[in-house]
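Student: sequence plus predicted model, see below.
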Amino acid sequence: MTPFGQKLRELRDKKQVFLKDMAAEIGVSAAYLSALEHGKRGKPAWYLVQRIIVYFNIIWDDAEELERLAQLSDPRVVLDTSGLAPVTTEYANRLAANISRLEPDQVQDMLLRLDGYLKSKSGKELS
């Protein structure tokens, strides 16, 4: 499941909306919506995210958060490390080879550390 898929599931559960009903209302198949929730499809298109925002009547910061989660929810990530330091390529490859062995709390710790490094370098958080 992707971050976007998890949030979508939470929204549906909170509003007690069936997958097939939501899918029909926003103009996609229930199978596609299910695959999106389960991380079996790539990140959703901008227009679909907008339909979901309207469907759930999401406003302001919550809408921006859903858009951000959509951008961070591609289950098949490709990294191009050409031109970067050799250690960067090694890190990317080792992470790709071992990410399934990490527990969610370990990954969360790595995300917090990454945010800290990026914030200290640029003075602001990056996505």
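Tutor: On my side now, so go ahead.

Student: domain ranges for the chain?
Tutor: The chain resolves into domains spanning 3-71, 86-122 when parsed by automatic domain parsing.

Student: of those domains, flag the one that's most buried.
Tutor: Of the domains of the chain, the one with the most neighbours on average (mean count of other C-beta atoms under 10 Å) is domain 3-71, at a mean of 15. (Glycine included, C-beta is placed from N, CA and C.)

Student: give the residue farthest from the middle of the chain.
Tutor: Most distant from the centre of the chain: Pro86, at 27.7 Å, with distances by C-alpha atoms, centre = their mean.

Student: from Ile99, how far off is that residue?
Tutor: Noted for Pro86: a distance of 20 Å to Ile99, by C-beta to C-beta, to the nearest Å.

Student: how about Thr81?
Tutor: According to C-beta to C-beta, Thr81 stands 16 Å off from Ile99.

Student: go on, Gln71?
Tutor: To Ile99, Gln71 is 19 Å away according to C-beta to C-beta.

Student: then Asp115?
Tutor: The spacing between Asp115 and Ile99, counted by C-beta to C-beta, is 18 Å.

Student: in which helix or strand does Asp74 reside?
Tutor: Element membership for Asp74 (DSSP states H and E) is empty, with no helix or strand holding it.

Student: same deal with Asp115?
Tutor: Counting by DSSP H and E, Asp115 is part of helix 104-122.
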